[in-house]
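Q: Okay, sequence plus prediction incoming.
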Amino acid sequence: MPRPAIMTTKHERGTTRSNATVEGDTDAAAAAADCVPPPEKKQKGFRDGVSAVGTSSNATAAPAASTSEEVSSPTERVASPAQQQHFKMYKPPKVLTQFVHTARRRKKRKLLGDYYHFPESTMAIGRLDEDSEGLLLLTTDGKVSERVRDKAVEKEYYCQVDGTITQDAVDKMKGGLEISVQGTLYSTLPCMARIIACSTSDDSGQPIPNDIPHPVRKIRDARHGPTSWVSVTVTEGKFRQVRKMTAAVGYPTLRLVRVRVADIDLGGLAMGEVRPIDIDI
């Protein structure tokens with residue numbers, strides 16, 4: 001006798017489809033957070049206008065080289081260099097370096113798109129962690145992003161550290177030292193570092209370089225001990241590397257400000273300000 005057909009309810013069929021979508025889109029959703037989300041209109045081969053590798057379906061965006069994980073659209077056109085746009089921004093602390101929330105617990109944090117109406121396909125070049133601030137470059141050109149993230153490109157940071165840092169500690173950072181990266185000891189490359197002499201103070205009486213904004217919140221009251229500033233210039237970018245370097249020589253970082261990438265500096269940007277720029281790196 002033929003086996004009787006198994007009946008499923010409309011609710012059960014809908015639940016199955018929904019679960020499959022959630023499980024299959026987890027990685028893509030995380031990748032898509034770094035790009036400006038596209039309009040609501042959907043295209044065939046795209047999930048809410050975002051490809052499987054998290055790039056926007058903007059018609060002027062230059063498509064990446066084809067791989068087995070990418071889905072291309074027949075409507076895409078290659079953008080000429082003249083059409084590409086670049087920006088520099090002063091990212092405030094407690095702002096996520098992304099355009100889409102990827103975790104419910106972090107939805108109270110501001111995103112890059114809260115400060116400027118960026119064009120579709122804009123991506124942050126590198127990252128600044130949530131607690132760090134300063135210069136962030138953004139572009140619609142993936143090739144420019146790759147060049148800026150190259151190890152030959154310098155990134156300079158101002159670090160406000162706990163205590164009065166010594167020249168001996170600075171020299172140790174310059175020569176390279178061991179830090180922990182994903183649970184494994186890593187030897188940092190030699191870098192440039194120098195103590196910053198400050199002639200001004202912030203609202204709490206702590207020293208501050210005159211070319212960065214005052215902090216949005218009090219870092220430390222002068223009555224609770226001194227702080228000092230050191231400039232660290234690196235060409236690599238391990239997770240929280242500069243913070244780990246200052247801590248390794250006995251001076252934990254209290255405030256971290258990126259002030260320069262290659263020859264592009266803050267240039268007087270106010271906190272949260274965005275400016276269109278040319279990038280020639």
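A: Everything's here; your move. Residues are numbered from 1 along each chain as shown.

Q: Quick check: closest non-adjacent residue to the residue most central in space within the chain.
A: With distances taken as Cα atoms, centre = their mean, the chain has Arg127 as the residue nearest its mean C-alpha position (2.0 Å). Among residues not flanking Arg127 along the chain, Thr97 sits closest, at 4.5 Å (Cβ to Cβ, 6 or more residues apart in numbering). (Each C-beta comes from the backbone N, C-alpha and C, glycine too.)

Q: What confidence value was assigned to that neighbour?
A: We have a pLDDT of 94 for Thr97.

Q: on that earlier part again, pLDDT at the residue nearest to the centre of the chain, what is it?
A: Residue-level pLDDT assigned to Arg127 equals 87.

Q: coming back round to it: look at the residue nearest to Arg127 and say how many residues are nearby.
A: Here the count is done by other Cβ atoms under 10 Å, and Thr97 has 20 residues near it.

Q: ok, which stretches of the protein are strands?
A: Under the criterion DSSP state E, strands of the chain are mapped to 86-91, 123-124, 133-139, 155-162, 178-181, 184-187, 192-196, 200-201, 207-208, 227-234, 253-261, 264-265, 274-277.

Q: my guess is Ala270 contacts Pro213, does it?
A: Yes: with contacts counted by Cβ atoms under 8 Å, Ala270 reaches Pro213, the gap being 6.5 Å.

Q: neighbour count winner among those two?
A: Between Ala270 and Pro213, Pro213 has the larger neighbour count (other Cβ under 10 Å), namely 19 against 9.

Q: still on that earlier bit, separation between the residue nearest to Arg127 and Ile264?
A: 17 Å (Cβ to Cβ, to the nearest Å).

Q: try His214
A: For His214 relative to Ile264 (Cβ to Cβ), the value is 23 Å.

Q: again, but for Cys35
A: 21 Å.

Q: Of these two, which one has the most company?
A: Taking neighbours as other Cβ under 10 Å, Cys35 and Ile264 compare with Cys35 leading, 25 against 18.

Q: where does the more buried one land on pLDDT?
A: Looking at Cys35, its pLDDT is 73.

Q: So it sits against Met123, correct?
A: Yes: using Cβ under 8 Å, Cys35 makes contact with Met123 at a distance of 5.1 Å.

Q: give me the low-pLDDT residue ranges for the stretch 1-150 of the chain?
A: 1-34, 37-82, 105-106 (pLDDT under 70).

Q: hmm, 90 instead?
A: Scanning the stretch 1-150 of the chain for pLDDT under 90 picks out the ranges 1-83, 100-109, 126-127, 149-150.

Q: Pull the contacting residues for Ile219.
A: Contact analysis of Ile219 by Cβ atoms under 8 Å, 6 or more residues apart in numbering lists 160, 202, 204, 206, 227, 254-255.

Q: Leaving out the residues flanking it, which one is nearest to Val95?
A: Per Cβ to Cβ, 6+ apart, closest to Val95 is Lys110, 4.8 Å.

Q: what separates the residue nearest to the centre of the chain from Pro276, distance-wise?
A: On the measure of Cβ to Cβ, Arg127 and Pro276 end up 21 Å apart.

Q: just Leu177 next, same as before
A: 39 Å.

Q: likewise Ile195?
A: Taking Cβ to Cβ, one finds Ile195 at 35 Å from Pro276.

Q: Those two: which has the busier surroundings?
A: Neighbour comparison, Ile195 and Pro276: the larger count goes to Ile195, with 15 against 10 (by other Cβ under 10 Å).

Q: hey, what's the more buried one bridged with?
A: Beta-bridge partners for Ile195, by DSSP bridges, are Val230.

Q: pretty sure it contacts Val170?
A: Yes: using Cβ under 8 Å, Ile195 is in contact with Val170, at 6.0 Å.

Q: what touches both of these two?
A: With Cβ under 8 Å, 6+ apart as the test, Ile195 and Val170 both reach Val230.

Q: just checking, Gly163 touches Tyr251?
A: Yes: taking contacts as Cβ under 8 Å, Gly163 lies within contact range of Tyr251: 5.5 Å.
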